[in-house]
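Chemist: Next one to model:
(one chain, ligands or ions: 1)
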Amino acid sequence: MSKPTYYITTPIYYSSGKLHIGHCYTTVICDAIARFKRMDGYDVFYLTGTDEHGQKVQQKAEAAGVTPKQFVDNLHEQIVKLWKVLNISYDKFIRTTDDYHEKAVQKIYEKLLASGDIYKSTYEGWYCTPCESFWTESQLVESKCPDCGREVRLQKEESYFFKLSKYSDRLIEFYKENPDFISPKSRMNEMINNFIKPGLKDLCISRTTFDWGVKLPFDPKHVAYVWVDALANYITALGYLQNDHSLYDKFWPADLHMVGKEIVRFHTIIWPALLMALGLPLPKKVYGHGWVLFGNDKMSKSKGNVVDPIVLADRYGADVVRYYLLREIPFGSDGSYTNEALLVRTNADLVNDLGNLVSRTTAMITQYFGGEIPAPDAYTELDKELVALCEGALDKVRADMDALSAPDALADIFKIIQRANKYIDETMPWTLNKNGDKARLGTVMYVLAECIRFSATLLSPFVPHTAERIFDKLGLDKPNDFSGLARFGGIGKGVTVHKGDNLFNRIDVDKELKELDKLAEQTNVEETEPQTPQISIEDFAKVKLVTAKVLSCEKVAKSDKLLVFKLQVGDEVRQVVSGIAQYYAPEYMVGKTVVLVANLKPAKIRGVESNGMILCAADGKKVVFVTPEAEIDSGKEVR
Ligand code: MSP
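Modeler: Numbers count the residues shown, from 1 in each chain. Model (predicted):
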């Protein structure tokens, strides 16, 4: 009989900067789920990848002086390396610059055009480039992006629109019929109340102000909106609209799209509506997990609080990072990352509980039985308690994982480990040895070895490398599935343990905290996005800003951009050149009051002397001069 299938995806990661530990959260959780499902008898397809198009990438590439492709190639390499370090067992890595993906996205647009779901119009509204999100005026919070709090830009351009509004009712109906589609439940209410009920607007799905994207086949000066391009990855990766679509046939619809909470709306509104328009089945579940916070802030490079997962994995091993993320962050809600919690958790669970159990047991088997795991004698009531705990564990852990709760699953596995440590204290093997009670001593060793086998098998999806090392120490092959957990007593005759190195070394928390702080300073200095430097009030006082009245204004000969002004500044008349000819007619400027940087060094622009600079505001599309809110004389100080 063929195995049941399980298709799990992470979001595809933006290729515009290095990933921090918060990013690793989604991938590590998915990896644990994928590995668990594989061991639990599913035919799993685990997809991840990189989101490589868009204005943000284009801008960053320009700033770095490289082509967008060179820019994303470099980041792609770093991301693949990070997933390798963290032992991420994806089955496929998709890049949105992959040729097959781009072609399939073009076909998707053609299909949407043919089905009448796309029309051409003009977009006018606000755009947040870092989030690649469109917003209406009323959605902005204090004129900033409601998601990330950064500046938005006014955008006006000819665009293609997707008839998202048409799908409101069908979406609500779908949510009702599939109450588990959006998880946790609170996120479903958020989607309905904050987005669908206020009315869905048609979605702008093409851009013309930059060209780093998938060109629309029917209008190539437009590129696909990155979110449509990106969401499509979940089906293009499987071969949708391609010659070989066997993976699509086998795995679609996805069982689980795991996403961070800030992108739930793309996955539960836009994505299902697009799939409805394409006539395709909808994914079974979108889970919106919480954020790994740093203090109270979302980790982000611009805030300079990123924790580099490579640094942590290098120092403590990938499994320490994996274990911390899976065990410590309450699933579904936000959780704060602190170095201290990472180190304390590692010492408590991995060094003390797990590490000690394995080293004590292997040491005792080596000392008392020359390394060979002895056959057990009859089990006592105490032994039977441990047998029952082990035999009942898989069902418990499976239920935890069905609820997608890795912290609960790990807590249940650690119950075996903690119980076994207590069992050592209760049975006192050293006394049994002293008394020459070999039969009982053998049984105790066997029970302990079995407890370790059960724990390590169950731990495999979460800390795969550690599990492998434990099996190596036990002298057993690492199992590929959970079949060995049906019955206590799976270890046969003639198995020899090897104590070897400690699984984890105790961490000196105080010392390491200092080291990590030092390393973070370096990381954050190097990685912080360029920001405007802060200046002191004394620095600002050096700039002399004054009001000035335009006496005359003319175009500078042979220049499309320059205007030359005569300005009244108190008793003085100044000549200033300004590059605003494309935005203002000279006659319009006469009589206006402007703000002048009065102590700028004189300069010659196109041979014309300029004594100062007129202050203007710019949004990338237009430039407007700054003027006092009420009538005021010229030459007055602006502070
Ligand atoms: N490119 C989009 C996804 C497109 S999917 C069709 C994107 N990329 S991302 O790189 O910004 O985020 C990737 C994943 O990392 C998301 O699930 C996001 O929520 C997660 N995280 C990024 N920072 C995070 C934390 N600080 N904490 C937890 N997860 C966070 O969004």
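
Chemist: which stretch of helix or strand covers the one residue in the stretch 101-250 of the chain that gets nearest to the ligand?
Modeler: Nearest to the ligand, among the residues of the stretch 101-250 of the chain, is residue 230, at 3.7 Å (C-beta to the nearest ligand atom). (C-beta placed from N, C-alpha, C; glycine too.) For residue 230, the element it lies in under DSSP states H and E is helix 226-231.

Chemist: Run through the bridge partners of the residue of the stretch 151-300 of the chain found nearest the ligand.
Modeler: With C-beta to the nearest ligand atom, the shortest gap between the stretch 151-300 of the chain and the ligand falls at residue 260, namely 1.6 Å. When assigned by DSSP bridges, residue 260 has beta-bridge partners residue 289.

Chemist: pLDDT value on it, please?
Modeler: Residue 260 carries a pLDDT score of 94 in this model.

Chemist: Could you pull up the residues touching it?
Modeler: 11, 25, 26, 288, 289, 290, 291 (C-beta atoms under 8 Å, 6 or more residues apart in numbering).

Chemist: quick one: which of those is nearest residue 404?
Modeler: Nearest to residue 404 among the contacts of residue 260, counting by C-beta to C-beta, is residue 289 at 8.5 Å.

Chemist: I'd say the closest one and residue 262 touch.
Modeler: No. Assessed by C-beta atoms under 8 Å, residue 289 is found out of contact with residue 262, at 10.5 Å.

Chemist: From the contact counts, what lies against the strand or helix carrying residue 174?
Modeler: Element membership for residue 174 (DSSP H and E) is helix 168-177. The contact analysis (3 or more C-beta pairs under 8 Å, 6 or more residues apart in numbering; DSSP states H and E) places helix 168-177 against helix 271-278.

Chemist: Now the helix it packs on: buried residues?
Modeler: 271, 272, 273, 274, 275, 276, 277, 278 (16 or more other C-beta atoms under 10 Å).

Chemist: swap in stretch 349-357?
Modeler: Applying 16+ other C-beta under 10 Å to stretch 349-357 flags 349, 350, 351, 352, 353, 354, 355, 356, 357 as buried.

Chemist: Any idea how far apart the tips of that stretch sit?
Modeler: 11 Å (C-alpha to C-alpha, to the nearest Å).

Chemist: Also stretch 61-71?
Modeler: 6 Å.

Chemist: and the closest residue to the ligand within the stretch 1-150 of the chain, how far is that from residue 335?
Modeler: Of all residues in the stretch 1-150 of the chain, the one sitting closest to the ligand is residue 22 (2.2 Å; C-beta to the nearest ligand atom). According to C-beta to C-beta, to the nearest Å, residue 22 and residue 335 sit 10 Å apart.

Chemist: Neighbour count for the two, which is higher?
Modeler: Of the pair residue 22 and residue 335, residue 22 is the one with more neighbours under other C-beta atoms under 10 Å, namely 22 against 19.

Chemist: Next one: the more buried one from residue 492, what distance?
Modeler: 45 Å.

Chemist: just to revisit the earlier point, shared neighbours, residue 22 and residue 335?
Modeler: Contacts common to residue 22 and residue 335, judged by C-beta under 8 Å, 6+ apart, are 291, 292.

Chemist: which residues does residue 263 contact?
Modeler: 11, 288.

Chemist: What of residue 364?
Modeler: 429, 445, 448.

Chemist: Format those as a markdown table; extra columns: pLDDT.
Modeler: Output for the contacts of residue 364, formatted as a markdown table (pLDDT from 0 to 100):
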| residue | pLDDT |
| --- | --- |
| 429 | 98 |
| 445 | 98 |
| 448 | 98 |
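
Chemist: which of those lies closest to the ligand?
Modeler: Distances from the ligand to those, taken by C-beta to the nearest ligand atom, are shortest for residue 448, at 37.7 Å.

Chemist: The closest one reaches residue 420, doesn't it?
Modeler: Yes. Using C-beta under 8 Å, residue 448 is in contact with residue 420, at 5.8 Å.

Chemist: Pull up the overlap in contacts between those two.
Modeler: Common neighbours of residue 448 and residue 420, using C-beta under 8 Å, 6+ apart, are 357, 361.

Chemist: what does the helix or strand following the helix holding residue 230 rub up against?
Modeler: Downstream of helix 226-231, the next assigned helix or strand under DSSP H and E is helix 233-236. Contacts with helix 233-236, where a contact means C-beta under 8 Å, 6+ apart, come from 9, 12, 47, 49, 51, 94, 96, 100-101, 104-105, 242, 248, 252, 254, 257, 271, 280, 283.

Chemist: Among those, the buried ones, what's the PyMOL command?
Modeler: Buried subset of those, written as a PyMOL selection, criterion 16+ other C-beta under 10 Å:
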select buried, resi 9+12+47+49+51+94+96+100+101+104+105+242+248+252+254+257+271+283
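
Chemist: and the contacts of helix 233-236, which of them are in helices?
Modeler: The helices, defined by DSSP state H, take in 100, 101, 104, 105, 248, 271 from these.

Chemist: who's in contact with residue 195?
Modeler: Residue 195 neighbours (C-beta under 8 Å, 6+ apart): 265, 269.
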